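K.L.:
sequence and predicted structure below; questions after.
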Amino acid sequence: MMKHNTPSKDRSVATPPDSGAENLEHNQPPSLDDLESDELIVCRNPRVASLQWFYELDEDGTVLTYHSLNEYDVQTGTKRYQADRSIASDGVETAIVSRDAFEAIRGDA
């Protein structure tokens with residue numbers, strides 16, 4: 001199971017089964033600054049099972065977004081502050097996942 005952003009003091013990131021997500025302990029949600037070059041942040045809305053999106057930074061620091069609503073096609077219009085707010089939103093589950101896990105979900109693996 002992934003972490004829920006809640007007002008509690010324990011803001012652990014739990015790993016969804018077979019997702020490729022790393023086990024991380026955070027006092028805050030993961031940050032784009034936490035990512036290695038082969039990682040992305042996955043966000044899920046647990047109230048809508050199919051609603052899922054990913055964020056990563058390209059080599060120029062541009063936020064790249066891949067959303068289930070867009071069949072995970074890359075989107076470049078997301079501002080950094082928008083991604084940060086989305087990742088930290090209450091009720092959104094987040095985790096850091098490998099590029100391989102993302103590609104498998106996306107269907108490119």
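P.N.:
Looks like it came in fine. Numbers count the residues shown, from 1 in each chain.
K.L.:
wait, what's in contact with Gln82?
P.N.:
Val63 (C-beta atoms under 8 Å, 6 or more residues apart in numbering). For every residue, glycine as well, the C-beta is placed using N, CA and C.
K.L.:
quick one: it is in a helix?
P.N.:
Yes. Looking at Gln82 with DSSP: H, G, I helix; E, B strand; the rest coil, it is inside a helix.
K.L.:
secondary structure element holding the most centrally placed residue in the chain?
P.N.:
By C-alpha atoms, centre = their mean, the mean C-alpha position of the chain lies nearest to Val42, the distance being 2.0 Å. Here Val42 sits within strand 39-44, counting by DSSP states H and E.
K.L.:
okay, now the sheet partners of that strand, with direction.
P.N.:
Strand 39-44 pairs in its sheet with strand 52-57 (antiparallel), strand 93-98 (antiparallel), by DSSP bridges.
K.L.:
can you pull out the strands in this structure?
P.N.:
3-4, 39-44, 52-57, 63-67, 74-75, 93-98 (DSSP state E).
K.L.:
list the contacts of stretch 61-72.
P.N.:
Outside of stretch 61-72, the residues within contact range by C-beta under 8 Å, 6+ apart are 32, 40, 50-58, 73-80, 82-83, 102, 105-107.
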